[in-house]
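1. Quick one, what's the 3D model for this:
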Amino acid sequence: MKSLTPELIAAAKDNDLAAVSALIAATEPLIVSRAMYYATTKGATDYDLTDDLAQVGRVHLWQSLSEFQGTGRGEFINYVGRVLQTAMTRHRREVAYQGVSASTAKDFERAVELAGGDPYEAVRIATTDAMGTRVMTRERAYAALTSWLGVDSLERPIMHESNEMKEVTLRDVISAKSGIPADLLDSRDYESTRRRTVHERVHHALGELSERQRHVLKADHGITPVGFYGDVPDAELADDMGVTPYQVKQARVKGRSRFAALYLAGSEAAGATA
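-> Modelled structure (predicted):
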């Protein structure tokens, strides 16, 4: 990156398109290496995610050029490093924790670290004082776990007990479920199996709820055959169900709590019997 002269940096800050292009080209090796770093888990690199992170890094760097306050090459390289870390970490969380907020994803990652990498133990830890000011409600922790389970690495080890304790990976589990040899699996096989497994667990958990709880939760999310009521007052759903709005709210609170416990139990059972 010797071409990163103060003059080039200053011109890029002034939105000189030629200078911006030259600057992005000069920082390309750093962008790609950081993208590979953030797309690698347990030694396995997701190259599709690497490409996405690299593009996110380029765009974010371009958008952030005017905010650089220094002049020297060293200062700029340090600034680029911080910009890429922020942009790529945020994007990785958005991809890895679909359905939950960035703050929830960040908090749950902290809980997973405290749990030594065990996501189920992380749910418990997330609701304790170990999280300091970032303690999570059980509902929020379960939502983060559900999201985490959906996009985890194929190489994540899963301990389970048959006649003896042995270690398998999520790739092994997906291979067994899909009937595709493990060495031929790709992300599409994983995603289709994940969707099918989540669908089965969701409907199994819903089936264990009371009829009223099940109807309210299906209405909240528009799950067939119930229509979507997620954006209308509870009074409308209550009227259609022949109950009071208070009963709808009670069914939702109790149903969500029970659903979370049932879904988690199903996930743990799947990991234990795979």
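2. residue ranges of the strands in this structure, please?
-> Counting by DSSP state E, one finds strands in the chain at the ranges 40-41, 44-45, 157-161, 165-169.
3. which of these has the lowest average pLDDT?
-> Among these, strand 157-161 has the lowest mean pLDDT, at a mean of 41.
4. Distance from the chain centre to stretch 63-83, please.
-> 29 Å (Cα atoms, centre = their mean, to the nearest Å).
5. what distance separates the start and the end of it?
-> 10 Å (Cα to Cα, to the nearest Å).
6. Repeat that for stretch 37-48.
-> First residue to last in stretch 37-48 (Cα to Cα) measures 13 Å.
7. Please shift the residue numbers so they start at 40 in all later answers.
-> With the count now opening at 40, the last piece we talked about shows up as stretch 76-87.
8. do you know how far the nearest residue to Phe115 once chain neighbours are set aside is from Arg97?
-> Once flanking residues are discounted, Phe115 sits nearest to Ile48: 5.4 Å by Cβ to Cβ, 6 or more residues apart in numbering. Placement of C-beta: from N, CA and C, glycine included. In this structure, Ile48 and Arg97 are 16 Å apart, going by Cβ to Cβ, to the nearest Å.
9. out of these two, which sits in the busier spot?
-> Ile48 (22 against 19; other Cβ atoms under 10 Å).
10. Provide a list of residues in contact with the more buried one.
-> Leu62, Phe107, Thr110, Arg112, Phe115 (Cβ atoms under 8 Å, 6 or more residues apart in numbering).
11. From these, list the buried ones, please.
-> For those, a burial check counting by 16 or more other Cβ atoms under 10 Å picks out Leu62, Phe107, Arg112, Phe115.
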